[in-house]
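In: Can you look at this prediction? I've put the sequence above it.
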Amino acid sequence: MPNRSLDLRDFLQAASHSSNRTRTLVTILLVASVLAFVGFLDSYKYGWMLERLHVISNPKADYVTEKLGTVPSDEQYKEFYGAVIKSYVDNALTIRVPFFGFAFDVNDLGLLAGIGFSTLLLLLRFSLRSENVSIRLAFKAAAGPTLPVFYDLFAMQQVFTLPHAEDSEKQWTAKRYESLRRASKVICLLPSIAYTFILIHDCWITLKIGNLISDFHTRFLVVYTCVFWVAILLLAIWCLRSWKRIDNLWDEYWDDVKAILKARREGDLKGQRLQPATTIS
């Protein structure tokens, strides 16, 4: 019996680590999607930075006098306008990467975001596959009378997955809102949503401007942006389907848990007791 207890503890820890890897990748994917979308907003022709430039092009504008506290002199206005122009060039035409300290041209956002999103989604798919296998192996090891306690302990460590939980004696059941279950899966689609805005901006809104700068680079940009958009969308759908299988897996083993508990209540498992929680925690 000690060997079985040790095996269950090891399986629980391994399966929990697999779930943690998935949560880490999902968090990184969320941050990357937000940063890519912010990069798009900074370069958008109706973005705040460019709109601010349009407003302060008039030295007598209310915005200028409000910021400077009075109607500025020609020298004050030139310094103020120059500072805003510099800020726009530094933050809208180039994107600075936090922590690493380097910057890249905003027109390369589609390339870098495409490579980053594709890599992260592929890693997430591998992680979801590993989590799926880990859950199956863990529940297989806990098959039998110990399954209900093992299920509860494993369910307590879940975040994005909402396993079943109930206490039949106290008539308590954890609510599993379908909207909440789907909300966590939307994170897989955030890269494709953010990249769709980048695609529209680069391949449609600013296409004429790109051709004025470099016709060759613009054609190349359109090609790889479309390719990455398709790849990101397919990978996101692949991850969603894998995540759905994990939800179905929890539901499947919950049916086994209910069957064991029902049999115990009906006396079919007389003499068999659950392992103490301390032996598998």
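Out: It's in. Residues are numbered from 1 along each chain as shown.

In: which intervals of the chain have sub-threshold pLDDT?
Out: For the chain, applying pLDDT under 70 flags the ranges 1-6, 92, 95-104, 169, 268-281.

In: For it, which segments count as strands?
Out: With DSSP state E, the ranges of strands along the chain come out as 94-96, 103-105, 166-167, 172-173.

In: check contacts around the residue nearest the centre of the chain.
Out: When CA atoms, centre = their mean is applied to the chain, the residue found nearest the centroid is L30 (3.4 Å). Contacts for L30 were tallied using CB atoms under 8 Å, 6 or more residues apart in numbering; they are 187, 190. All C-beta atoms are positioned from the backbone trio N, CA, C, and that covers glycine.

In: Count the neighbours of L147 for me.
Out: 20 (other CB atoms under 10 Å).

In: Ok, A15 next?
Out: 23.

In: repeat for A183
Out: Here the neighbour count serves as a burial measure; for A183 (other CB under 10 Å) it reads 11.

In: likewise the one 3 residues further on?
Out: When neighbours are defined as other CB under 10 Å, V186 has 10 of them.

In: just K185 next, same as before
Out: There are 16 residues near K185, going by other CB under 10 Å.

In: Relative to E66, how far out is it?
Out: Taking CB to CB, to the nearest Å as the measure, K185 and E66 are separated by 45 Å.

In: ok, now D215?
Out: Counting by CB to CB, the separation of D215 from E66 is 43 Å.

In: same thing with Y77?
Out: Distance, Y77 to E66, using CB to CB: 14 Å.

In: more crowded one of these two?
Out: The neighbour comparison of Y77 against E66 (other CB under 10 Å) goes to Y77, with 17 against 9.

In: dump the residue contacts of that one.
Out: Contact analysis of Y77 by CB under 8 Å, 6+ apart lists 59, 64.

In: ok, now how distant is it from W229?
Out: Using CB to CB, Y77 is found at 43 Å from W229.

In: same question, P148
Out: Noted for P148: a distance of 46 Å to W229, by CB to CB.

In: When the two are compared, which one has more neighbours?
Out: Shown here are P148 and W229; by other CB under 10 Å, W229 has more neighbours (20 against 17).

In: Pretty sure that one sits against T196.
Out: Yes: taking contacts as CB atoms under 8 Å, W229 lies within contact range of T196: 6.8 Å.

In: tally of neighbours for the nearest residue to W229 once chain neighbours are set aside?
Out: In space, W229 comes closest to L199 once its chain neighbours are excluded; the distance is 5.0 Å by CB to CB, 6 or more residues apart in numbering. L199 has 20 neighbouring residues, counting by other CB under 10 Å.

In: so who does L199 touch?
Out: With contacts defined as CB under 8 Å, 6+ apart, L199 is in contact with 110, 225-226, 229.
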